[in-house]
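Colleague: Here you go, sequence then predicted model.
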Amino acid sequence: MANDLNVVALVGRLTRESELRYSSGGMAICRFSIAVNRRKRTADNRWEDEANFFDCTLFGKSAENLNQYLDKGRQVSIIGELRQSRWEQDGQNRSKVEVVVNSLQLLSSPASSEGRGGQQRTWGDQQAPQRGQGQYQDRQNRQEPPESFDMAGPEQFDDDQIPF
């Protein structure tokens, strides 16, 4: 019986545009990479950021739906698991570890990410671009998701109205 655990949670920025492809069986596969900064102390007692880069893969309907929002520079939060691929190439054993994403949350738009360029669009001002099998998304026709929803917080309820 295995009591092993394989969970990774990362918050970082996309280092390149996402790529959407389809498997021979028709499953959508979205690949992207993120950079996650780590603060470390240098020999002269100063703090500096060190970037770590992670390749990520998202499958299925989530891949199709989120691909259009995964622009370079956008900050995202992901929860997933590590997977190692092994193969042989030119007589050499090779391997690669990547993050298979189970959950992805968009945290910022490329236009608002620390001076990076990018077009910001309002939700629904254009129709979603058409997707062709095996083709990449047209990034000029992307839409931005709503930044937030107007929901009442707990401070806006009267204690007499709470059912518990």
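Modeller: That came through fine. Predicted model only: the values in this text are computed from it and were never measured.
Colleague: Okay, now the unreliable bits of the chain?
Modeller: Across the chain, the ranges flagged by pLDDT under 70 are 1, 111-164.
Colleague: And the helices in it?
Modeller: Applying DSSP state H to the chain gives helices spanning 60-66.
Colleague: which residues in it form strands?
Modeller: 8-14, 19-22, 28-41, 47-59, 75-89, 92-106 (DSSP state E).
Colleague: Using JSON lines, lay out those strands together with distance to residue 68 and mean neighbour count.
Modeller: C-beta here means a position set from N, CA and C on the backbone, and glycine is covered the same way. Formatted as JSON lines, the strands of the chain follow (distance: least, Cβ to Cβ, whole Å; neighbours: other Cβ atoms under 10 Å):
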{"stretch": "strand 8-14", "distance to residue 68": "13", "mean neighbour count": "17"}
{"stretch": "strand 19-22", "distance to residue 68": "9", "mean neighbour count": "17"}
{"stretch": "strand 28-41", "distance to residue 68": "10", "mean neighbour count": "16"}
{"stretch": "strand 47-59", "distance to residue 68": "12", "mean neighbour count": "14"}
{"stretch": "strand 75-89", "distance to residue 68": "14", "mean neighbour count": "13"}
{"stretch": "strand 92-106", "distance to residue 68": "11", "mean neighbour count": "13"}
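Colleague: From start to finish, how long is stretch 18-38 in a straight line?
Modeller: The first and final residues of stretch 18-38 sit 23 Å from each other (Cα to Cα, to the nearest Å).
Colleague: which other residues reach that stretch?
Modeller: 10-17, 49-64, 66-67, 70-71, 76, 78, 131, 133-134, 136-137 (Cβ atoms under 8 Å, 6 or more residues apart in numbering).
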